[in-house]
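# structure for this input, please:
(chains A and B)
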Amino acid sequence: MSILGTRVIRTEDPRLLTAGAVYVDDLRVPELDGAARVTFVRSPVAHARITGIDASAALSEPGVVAVLTVQDMTDLAPPPPDSGEPVGGEGPAPLGGPWSEPLLAADTVRFVGEPVAVVITDGRYQGEDAADLVTVDYDPLPAVVGPEAALTSESLLFPAAGSNIPLTSPVSADDAPFDACEVVVEQAIVNQRLACMPLEGRATAATFENGKLTVWHSSQNAQLCRLILCGALGMAPDQIRVIVPDVGGGFGAKVGIDRDGLVVAWAARKTGRALRWNETRSENLVGMTQGRAQLHHIKIGGNRDGKILAYRIDVIQDSGAYSRMGGFLPMLTCLMAPGVYDIPAVQAGYRVVVTNATPISAYRGAGRPEAAATIERAVDLFAAEIGMDPAEVRRRNFVAPDKFPFQTKTGALYDSGQYEEALDKVLAGAGYQELRKEQERRRASGDVRQLGIGISSYVEITAADGAAGETAKLEVADDGTATVYTGSSPHGQGHHTAWAMLVQEELGIPMDKVTVVHGDTDLIPVGVGTYASRSLQLGGSAVHKAAVEVKDEARRQAADILEAAEADVVLDTISGLWQVRGDPEASLTWAQVAGHTSGGLVADVSFAADLPTFPFGAHVSVVEVDTETGKVTLLRHVTVDDAGPVLNPVLAEGQRHGGIAQGAAQALLEEVLYDADGNPLTSTLADYAAITAAELPSYELLASETPTTVNPLGVKGIGEAGTIGSTPAIQNAVIDAVAHLGIRHIDMPTTPQRVWTAINEAQKAGNQ
Amino acid sequence: MIPTPFTYKRAGSAAEALELVAEYGDDAKFLAGGHSLLPLMKLRLAAPEVIIDLSGLRDLSYVTDQGTYVAVGALTRHHDVEHSDVLARDVPLLAHAAGQVGDPQIRHRGTIGGSIAHADPASDLPAVLLALDATLVAQGSGGTREIPIGEFFQGLFETSLEPDELLTEIRVPKPASAGAWSFQKFSQRAIDWAIVGCAVQGGNVALVNMGGTPLRAAGVEAALADGAAPSDAAAHAAEGTSAADDIRATRAYREHLARVLVSRALTEASSRA
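Sure thing, here's the model as predicted:
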């Protein structure tokens, strides 16, 4: 029998759950003996001109090795000059010219938390004390807070650029498709700024010896780190080794290496000291890139029979102070704008703006959750307007199963999908009709605690950069063990378990004899990494491909030893023995076969996919809203998340669970806030309402597996599905619970105050 | 946790703690469970030069039946207050409320005395003890004195303790009708401080986080004394309060919550009585 699809428990966990894990700050390698500590001096103001930096008091403190500012970066190339070309379309990322981001602030700071200087000390406590003594004089400038303020261009972050809008892809203003509709609904919808919140914050260690820079970094991809380091520091790839040890979560914010990590690496080269940096949580909440931060204006039109005819979404992407992702995030939002619906006219466009806030980057879903949240809200708004059950409206607009591959109006080519089947399955699993009856009962009795039922149907794009592929090298040694070198980069997903399962499946070498190595550019010079729900479909397919190649070579070797025709040599993947068909006595172990070769059995491959995949699903969420206080309690969450065949249900469920929790967090609780001067109000975990287990029910996960043809495993991504599907279902459920009071929309997060305010205002309007 | 430098002293007894605080004066801070002080030090919002650790004062951790009142040692951890048989029987409001503080880790470290002496109006136990008409016992260089809890809270994080005094015991009078209690804690997440809270014991009503100190809802109590129904009395809940505006709640929302929670608490307390 196949090991694939079985509930193999994670081989990583005994080590990760005990003292065995080694994160960057745990590293006790000889190279880092006596490493000095890096402490950042960060801007306490949102927008200001720097008029002076005085480090003399800090330098006189015990243990202070150096205080470095941008003035010390004489060994770095200046930022690329402005090409003079108009910036537009998807744009480069990061932006150059007048929009350039320095490594340490030069003459201007643009967000609270921006690195201004680094203090290098023998000890960490000394670093915090000395950083307090670095005096930076700031001449305040008016802060641009929020995307709408950016549009006015009253205060400019980059005066040389002449506006706060680096990139635009304008939405169509053609109203004709809406003019033909019986019903048109418009709404402004906020997709709020979120903190990415990995348990392990950012961490970097670096040494520079004999011309070689070694950087240990908490990252989602060692090889991309090296590429970025090469560019920033002007070094060749063979001069840099990047090692990524255990990583405590990334969620998109650890793709590559960011500004702070680059500064640590540069400072190690500059000072010649081994250096360590491990940020505090308060630092993380202002310094690590954040996610979402979009404002949508939508218009949806259709007929009273439930058919949607036209949809427009105008996205304003708050990129924070520096547009690190260019137009990538809103581009993905626009690409996925129509979701699972076959809408005849779709108009989508965006503007990227800069504001005096922490820069925005990828966060679990990266542009797609924003698209799903808004189209699912829009469909509910439309359903409410025509008085039709939201499930029924969805059914009448789904892309039909016989239309795949389906080209959307926004340019995506969906490979496969069974949207109605997924919805029907989740509605049945939730007991939708019974829930509606219970809701009706509570509404009729005027119950303080009203029931809300929210639906979302979603499709997302995973491995959008499938053409970039992923690498795998597989070696079988003459002791019969196998080692996988993967370019993929685990940080919680369970790659070690999954890759070993793939090897056992193909080669019959038991999992406990398979070692998985990742995250070291000396061992794995080429790799792409883990993001965009790409690992299994690309990295896993590469492992599979390597195993097939190793098997082919082993068959040749076995045939040679056994003096049999290759066609007669078979591998029994249960016993792991090579045998000759019809001769049970003649058999070889993997050790014997590998020992027969001169250099061992090795396959070094890469796998690329011609097309991305489009996982889909449907969620039903059930909430209770206390109408006197506005408090929302999530009672149930039922999901179908179809990502093709499931390699290991334990891993897939883990991804769905975590995804649902993060999606629920956006719908219910989490939001990064700033005051009118751009000061962060959520820079501790007492203020930023990260969701906890106490706020979440046990999830009800239903199975659905529709394979894709774009990779040999038939699999699609599952890492972001839970987040994409859950947020709109929960937001819709909250609004559904109070819809009978005359409420049609409540922005996220649906906090008690916000829900109560909506109820209060609806009651006032009703009384007039 | 990267605080500013400080000197650490560990007291072995209340007398030793008092000697240490006499020696270091205003530069010193008592450390009990650490769940209020340490976060402030971590953020460098507090920078005491000397920490006097009280965790060696094991003899100040107790709950004893003293006939007309229950005596609770100031260093009794929330978990032990929550699980005290004496309190479960005679003052169930306090046992229940202690079980609502923070999360299990916090309840195993935080102490009742630390919570009271920190005087955070958003904390649960100050208001609960206010509703219970507790008396606080303080030891100082001048000896031991009793402080009625109504005179204890002077302002945000301010109490009537002298700098050289140590809170040693909380005396909770046994309510005439122990069962007539309710504790309503309204928070966004289970681990959060209350946005607003309400403790009711008999006709005593106290509010969490409705001003710079925990408050008695005097208007509600007066209305109850005049025979008002719970829902009518609750309409007075926001009178005399000065709730803050913050990222969780506006003042108006807090005032609304106070009325809702007081109404629910009074209804629950009377249904239990």
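
# which phi and psi does whichever residue of the stretch 401-550 of chain A sits closest to chain B have?
Nearest residue of the stretch 401-550 of chain A to chain B, counting by C-beta to the nearest C-beta: residue A:448, 9.5 Å away. For every residue, glycine as well, the C-beta is placed using N, CA and C. In terms of degrees, to the nearest 10, the main-chain angles of residue A:448 are phi -60, psi -40.

# looking at it now. What's its pLDDT?
Residue A:448 is assigned a predicted lDDT (pLDDT) of 98.

# what's the answer for residue A:271, then?
Value listed for residue A:271 in the pLDDT field: 97.

# helices and strands around the longest strand anywhere in chain B, which ones?
What stands out as the longest strand in chain B, according to DSSP state E, is strand B:166-173. With contacts taken as 3 or more C-beta pairs under 8 Å, 6 or more residues apart in numbering or on different chains; DSSP states H and E, strand B:166-173 sits against helix B:14-24, strand B:69-73, helix B:112-118, strand B:135-140.

# residues of chain A that sit close to chain B?
Applying C-beta under 8 Å from any C-beta of the partner chain, one finds that chain A approaches chain B through A:124-125, A:128-129, A:132, A:280, A:282, A:628-629, A:631, A:669, A:673, A:681-682, A:684, A:686-687, A:689, A:691-692, A:694-695, A:751-753, A:756-757.

# for residue A:724, phi and psi?
The phi and psi values for residue A:724, taken as degrees, to the nearest 10, are phi -70, psi -40.

# residue B:134 and residue B:60: what is the separation?
Using C-beta to C-beta, to the nearest Å, residue B:134 is found at 16 Å from residue B:60.

# hmm, I was thinking of residue A:173
Distance of residue A:173 to residue B:60, computed by C-beta to C-beta: 73 Å.

# more neighbours, those two?
Shown here are residue A:173 and residue B:60; by other C-beta atoms under 10 Å in any protein chain shown, residue B:60 has more neighbours (23 against 9).

# I'd say that one and residue B:13 touch.
No - with contact defined as C-beta atoms under 8 Å, residue B:60 does not count as touching residue B:13 (9.3 Å).

# need the helices for chain B, in chain order.
Residue ranges of the helices in chain B, as given by DSSP state H, are B:14-24, B:37-42, B:78-82, B:85-90, B:92-98, B:104-109, B:112-118, B:124-131, B:218-225, B:230-234, B:251-272.

# which of the ones you listed sits most buried?
Using mean count of other C-beta atoms under 10 Å in any protein chain shown, the stretch among the helices of chain B with the largest mean neighbour count is helix B:124-131, at a mean of 29.

# which strands and helices lie in contact with that helix?
Using 3+ C-beta pairs under 8 Å, 6+ apart: helix B:124-131 touches helix B:92-98, helix B:112-118, strand B:181-186, strand B:196-201, strand B:204-208, strand B:215-216.

# residue contacts, residue 168?
Defaulting to chain A. Going by C-beta atoms under 8 Å, 6 or more residues apart in numbering or on different chains, residue A:168 touches A:88, A:349, A:350, A:351, A:352.

# can you look at chain B instead?
Taking C-beta under 8 Å, 6+ apart, one finds B:14, B:60, B:73, B:74, B:113, B:137, B:138, B:139, B:144 in contact with residue B:168.

# where is pLDDT lowest across those residues?
Across those, the smallest pLDDT goes to residue B:14, namely 92.

# that one contacts residue B:166, correct?
Yes - Residue B:14 sits in contact with residue B:166 when judged by C-beta under 8 Å, with a separation of 6.0 Å.

# which neighbours do the two share?
residue B:139.

# how close does the residue in chain B that chain A sits nearest to get to residue A:627?
Among all residues of chain B, residue B:190 sits closest to chain A, at 3.6 Å; criterion: C-beta to the nearest C-beta. Counting by C-beta to C-beta, the gap from residue B:190 to residue A:627 is 21 Å.

# leaving out chain neighbours, which residue sits closest to residue B:38?
Leaving aside its sequence neighbours, residue B:38 sits nearest to residue B:1 (C-beta to C-beta, 6 or more residues apart in numbering or on different chains; 6.9 Å).

# roughly how far apart are that neighbour and residue B:37?
Remark: distance between residue B:1 and residue B:37 (C-beta to C-beta) = 12 Å.

# nearest residue to residue B:257 in space, please, no chain neighbours.
Closest residue to residue B:257 apart from its sequence neighbours, by C-beta to C-beta, 6+ apart: residue B:196 at 4.2 Å.

# how about residue A:46?
Spatial nearest neighbour of residue A:46, excluding adjacent residues (C-beta to C-beta, 6+ apart): residue A:678 at 2.6 Å.

# okay then, goodbye and thanks.
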